[in-house]
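# Fold the following.
(one chain, ligands or ions: 1)
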Amino acid sequence: MPGSLFFGHCLLTDGWAREVRVTIAEGRIAEVETGATPGPGDDRHGCALPGIPNLHSHAFQRGMAGLAERRGPSNDSFWTWREIMYRFVDRMAPEDVRAIATLAYVEMLEAGFTRVGEFHYLHHDRNGQRFADIAAMSGAVCEAAADSGIGLTLLPVLYSYAGFGARPPQTAQARFILDIDGYARLLEGAQRHARALPDAVVGVAPHSLRAVSPEQQRDLAGLSRGRPVHIHIAEQVREVEDCVAWSGRRPVEWLLDNAEVDGRWCLVHATHMTKAETAAMGRSGAVAGLCPITEANLGDGLFPVETFLEAGGRYGVGSDSNVLIDCAEELRLLEYGQRLTRRARNVMARGGGRSTGADLYGDALAGGAAALGVTGGIAVGLSADIVSLDLTHPALVHRSGDAITDSFVFAAGRSAIDCVWRHGDKLVSRGRHRIRDHAVRDYNRVLETLIA
Ligand code: ZN
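Numbering: from 1, shown residues only. This next block holds a predicted model:
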C-alpha cells in the first residue's frame, strides 16, 4: 500500500521546494509533487532533508567509546589507542558484535545517517581460527543492519600483514588476518548474508597499504570489478614515513601510481598529502572519506581541503571509531577545523554568497552515496531515506531554504531531528528509534561481560 508524506519545506535534488508531497512504494520514492495539497491520510511534517550516508564505520568500536581518554605513561597517539582497541576486541563473539552494531546503527539513524559503510575487519574467533561460516562476523553485521533498518554497504576487509614489506601479523591481529583465497571466500559469504537486506551493497576493502601487499592489491582488482573500493590511507605521519622508507613514495602517491584509482574508490582519511598528491587525488574522482570527530579524537591532523576542492575533489563523512555519532557535528567540525587553522570563516562554501551548511550537506550526500555505491537524495526512483527536522526547535524557527541547513548544522544538530524514514519505513519518531529500548538492553548485557 503506497503511503504519502507531506512536508512544508523539502530539500530535493535540485534545491528547496515548498508544500512537497512524497509518495512511497516498496521503499522507493514513486512520486514527488511540489506546491501540492496534503491528502487526508498524509503523514505531515515541517521540513525534510535527504538522509546522509555514513561512509566509514567500525561499529564494534562503539563499545569502547570514552575508554581511551586517560593519559598513559608516555605520549598518547593513534598507536596507543589501537592497543586499547585490540584488548577490547579480544573477547568479542558474533552475537556481541551484533548487539553493539545494532545500537550503533540505531544511534546513526537517530543522528540523521540512513546508510552506513561498514569497514569490517573482525573476521575470526578468539583464537584467530576461522568460523565454520567464514563470514559469520559479516553475518552479524548484516543482522544488525536488518534489526536497525539502516542501509548497509558492507566492506569486508583484507588484512594480511602488520606493516610495509609484508611484515608478519602480531598476535593481537590474529582475528583480522586472511590471505587472498580466504578473502575471496569471505566475500562470497558476505554477499550471501547481504542478500537478506533490501538494498545492500558489498564492496571490497584492502585495510591499508601497510596491511596488504602490492601483489594482493593486484589480485583484489580482479575481485573488485564494479564494486566500491575503500582503503585507509595516510592517516598518520608514521605511516607516511614507513611507506617512504619501504617504497620511496608517499602512500597516496604510491596508490595513484600503482592502482587504477577512479570514482569507485574511497580513500579514507588521506590526511597527510603533499599539494601534488592532493590535486592528483582530487582529479582521480576518488571520494575522500573524512571522519572529523575520530580524526580529532585520535590526533590525526586536518585534511587539505582547499587544494582538494580546487582540483574538483569529492568527499563524504564517516563516524569511523564511533566515539560520538552525530552527522551534523561531523560536518560542523569539518568546517571548524578549517576555520581554526586558517583564521577564516565559511571555508567549505563553494563560492561567494553560498551557504556553508548547504554545501557541506550536499557534498556529503553526493560523495557519501557515490562512495557507498548508491545515489542519494529525495527524487523519484531513489530509496526513501528521509530525515525530518522539528521547525519549532528554537534554532530553526522562522527559517526557510538554506538557512534551515545552516541552522541545523551549526546551531541545532541532532536535537532538531524529529523523524527518520529508511527505505520508506519510519524508524525514528521524536528523535527515538522504535527499537532503542530493546537495543540498549542487549548492548548493556554485552558490555557487562566485555568491560568486566
Ligand atoms: Zn577506520
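# And the pLDDT for residue 2?
Looking at residue 2, its pLDDT stands at 59.
# Low-confidence regions, the protein specifically.
1-2 (pLDDT under 70).
# 50 instead?
Scanning the chain for pLDDT under 50 picks out 1.
# In terms of secondary structure, what does the strand or helix carrying residue 191 contact?
Residue 191 belongs to helix 180-194 when assigned by DSSP states H and E. Judged by 3 or more Cβ pairs under 8 Å, 6 or more residues apart in numbering; DSSP states H and E, the packing partners of helix 180-194 are helix 136-148, strand 151-158, strand 201-202, helix 214-223. From N, CA and C alone the C-beta is placed, and that goes for glycine too.
# now could you export just the CA positions of that helix as PDB?
Below are the C-alpha coordinates for helix 180-194, written out as PDB (Å, rounded to 0.1, in the frame of the first residue of the first chain):
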ATOM      1  CA  ILE A 180      43.700 -13.700  -0.700                       C
ATOM      2  CA  ASP A 181      42.000 -17.100  -1.200                       C
ATOM      3  CA  GLY A 182      40.400 -16.800   2.200                       C
ATOM      4  CA  TYR A 183      39.300 -13.300   1.300                       C
ATOM      5  CA  ALA A 184      37.600 -14.400  -1.900                       C
ATOM      6  CA  ARG A 185      35.600 -17.000   0.200                       C
ATOM      7  CA  LEU A 186      34.800 -14.300   2.800                       C
ATOM      8  CA  LEU A 187      33.500 -12.000   0.000                       C
ATOM      9  CA  GLU A 188      31.200 -14.800  -1.300                       C
ATOM     10  CA  GLY A 189      29.900 -15.400   2.200                       C
ATOM     11  CA  ALA A 190      29.300 -11.700   2.900                       C
ATOM     12  CA  GLN A 191      27.300 -11.400  -0.300                       C
ATOM     13  CA  ARG A 192      25.200 -14.400   0.700                       C
ATOM     14  CA  HIS A 193      24.400 -12.700   4.100                       C
ATOM     15  CA  ALA A 194      23.800  -9.300   2.500                       C
END
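# Give me the angle between that helix and strand 151-158.
Between helix 180-194 and strand 151-158, the angle comes out at 160 degrees (axes from the mean of the first three to the mean of the last three Cα atoms, to 10 degrees).
# Could I get the buried residue list for helix 180-194?
Neighbour-count burial for helix 180-194 flags 180, 182-184, 186-187, 189-190, 193-194 (criterion: 16 or more other Cβ atoms under 10 Å).
# Turn these into JSON lines, columns for distance to residue 104.
Output for these, formatted as JSON lines (distance: Cβ to Cβ, whole Å):
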{"residue": "180", "distance to residue 104": "29"}
{"residue": "182", "distance to residue 104": "26"}
{"residue": "183", "distance to residue 104": "25"}
{"residue": "184", "distance to residue 104": "28"}
{"residue": "186", "distance to residue 104": "22"}
{"residue": "187", "distance to residue 104": "23"}
{"residue": "189", "distance to residue 104": "22"}
{"residue": "190", "distance to residue 104": "18"}
{"residue": "193", "distance to residue 104": "18"}
{"residue": "194", "distance to residue 104": "18"}
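# Show me which of the residues you listed is closest to residue 216.
Closest to residue 216 out of those is residue 180 (5.4 Å), distances taken as Cβ to Cβ.
# From residue 156, how far out is the closest one?
When Cβ to Cβ, to the nearest Å is applied, the distance between residue 180 and residue 156 equals 13 Å.
# Look at residue 5 and give its secondary structure.
strand (DSSP: H, G, I helix; E, B strand; the rest coil).
# what's next to stretch 76-84, contact-wise?
Residues outside stretch 76-84 that contact it (Cβ atoms under 8 Å, 6 or more residues apart in numbering) are 64, 67-68, 72, 74, 172, 235-236, 238, 298-300.
# Serialize those to CSV and add fields for secondary structure, neighbour count and distance to residue 330.
Putting the contacts of stretch 76-84 into CSV (DSSP: H, G, I helix; E, B strand; the rest coil; neighbours: other Cβ atoms under 10 Å; distance: Cβ to Cβ, whole Å) gives the following:
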residue, secondary structure, neighbour count, distance to residue 330
64, helix, 21, 19
67, coil, 14, 21
68, coil, 20, 19
72, coil, 12, 27
74, coil, 7, 30
172, helix, 16, 29
235, coil, 23, 16
236, coil, 22, 20
238, helix, 13, 25
298, coil, 22, 14
299, coil, 12, 17
300, coil, 21, 14
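# between these, which is nearest residue 198?
Out of the contacts of stretch 76-84, the member with the shortest distance to residue 198 (by Cβ to Cβ) is residue 64, at 30.6 Å.
# Quick check: closest non-adjacent residue to that closest one.
residue 88 (4.4 Å; Cβ to Cβ, 6 or more residues apart in numbering).
# Where do the strands of the stretch 201-350 of the chain begin and end?
201-202, 205-206, 229-233, 265-269, 287-290, 314-317 (DSSP state E, counting those that start in this stretch).
# tell me the angle the fourth one makes with strand 151-158.
Between the axes of strand 265-269 and strand 151-158, defined by the same axes, to 10 degrees, the angle is 80 degrees.
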